[in-house]
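Peer 1: turn this into a model:
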Amino acid sequence: MIVETDAVVLQTRKYSESSKIVDLFTKEFGKISVIAKGAYSIKSKFGGCLEPLSIIRISFYKKTSTDLHLLKTSELLMPLNKIHKDTNSLLTGLIIAEFVLKTQNESCLENSTDLYKKLVVFLYKINEHTERVFGIGIQFLVYLSANMGFSVLINQDNYGAKINKLIAENNLQCEICKEKYIEFINNFEMFFSEHLEKKIKIKSLTLIL
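Peer 2: Residues are numbered from 1 along each chain as shown. As a prediction, this is how the structure comes out:
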């Protein structure tokens, strides 16, 4: 069955010499994985719209016998050019995308439409407000935890006060701010790991060092 949906590219990985697997978070189907055949070819029909953090419209062959589907077409919906030009913006986007990838299950569609819409909104914020992306990233993780039913109470303890201070911080060149951000991400790793009863480790965080 061929279906269409809007999606955010969370991650890609090599499948063969010419094809890649693309992990997506979609508006209608939640998290899915698709094979993009010929994606590495110079003449690929997918162009450059399968890069991580791309917001796209896709059609794919939805299979019932497997969680790995076949991508038919893709079209870029919303260019986010600033994210890819600013290191901190790109890293923040990759980190929140990886949190979505590692906390969501393919079989769970509950609240997936709301999460997709929020993910798009936050990626747009990161694209437009490169001077305060660290705080935007933390705000998204607070939302993500609430969407999954175990929200962080950011206004009831010192941890919440630190988050609010980081959200208001505008100086991305500040090494102390970067250290705080890494600390917060580590805390969210532990928070999600505890509630999901599986280890959540964000590999993208190493790129910010």
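Peer 1: confirm for me that Arg13 is in contact with Ile21.
Peer 2: Yes: at 5.2 Å, Arg13 counts as touching Ile21 under the criterion of C-beta atoms under 8 Å. Just so you know, the C-beta spots here come from the backbone N, C-alpha and C atoms, and that holds for glycine as well.
Peer 1: who's more crowded, these two?
Peer 2: Neighbour count, other C-beta atoms under 10 Å: between Arg13 and Ile21, Ile21 has more, with 17 against 9.
Peer 1: apart from its neighbours in sequence, what residue is nearest that one?
Peer 2: Distance criterion C-beta to C-beta, 6 or more residues apart in numbering; nearest residue to Ile21, sequence neighbours excluded, is Tyr15 at 4.8 Å.
Peer 1: let me see the confidence value for the spatially most central residue of the chain.
Peer 2: Residue closest to the mean C-alpha point of the chain, counted by C-alpha atoms, centre = their mean, is Ala97 at 1.4 Å. Listed pLDDT for Ala97 reads 97.
Peer 1: pull the contacting residues for Phe188.
Peer 2: Residues counted as contacts of Phe188 (C-beta atoms under 8 Å, 6 or more residues apart in numbering) are 99, 141, 145, 152.
Peer 1: to which secondary structure element is it assigned?
Peer 2: Following DSSP states H and E, one finds Phe188 within helix 175-196.
Peer 1: quick one: buried residues of that helix?
Peer 2: Neighbour counts using 16 or more other C-beta atoms under 10 Å place 177, 180-181, 184-185, 188-189, 192 of helix 175-196 among the buried residues.
Peer 1: using CSV, list the CA coordinates for stretch 25-35.
Peer 2: Output in CSV follows, covering the C-alpha atoms of stretch 25-35 (Å, rounded to 0.1, in the frame of the first residue of the first chain):
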residue,chain,number,x,y,z
PHE,A,25,9.3,10.9,12.5
THR,A,26,6.1,11.3,10.5
LYS,A,27,2.9,13.2,11.1
GLU,A,28,0.5,10.2,10.6
PHE,A,29,2.6,7.2,11.4
GLY,A,30,5.0,8.2,14.1
LYS,A,31,8.5,6.9,13.9
ILE,A,32,9.3,4.7,10.8
SER,A,33,12.3,3.5,8.8
VAL,A,34,12.4,3.4,5.1
ILE,A,35,14.9,2.2,2.5
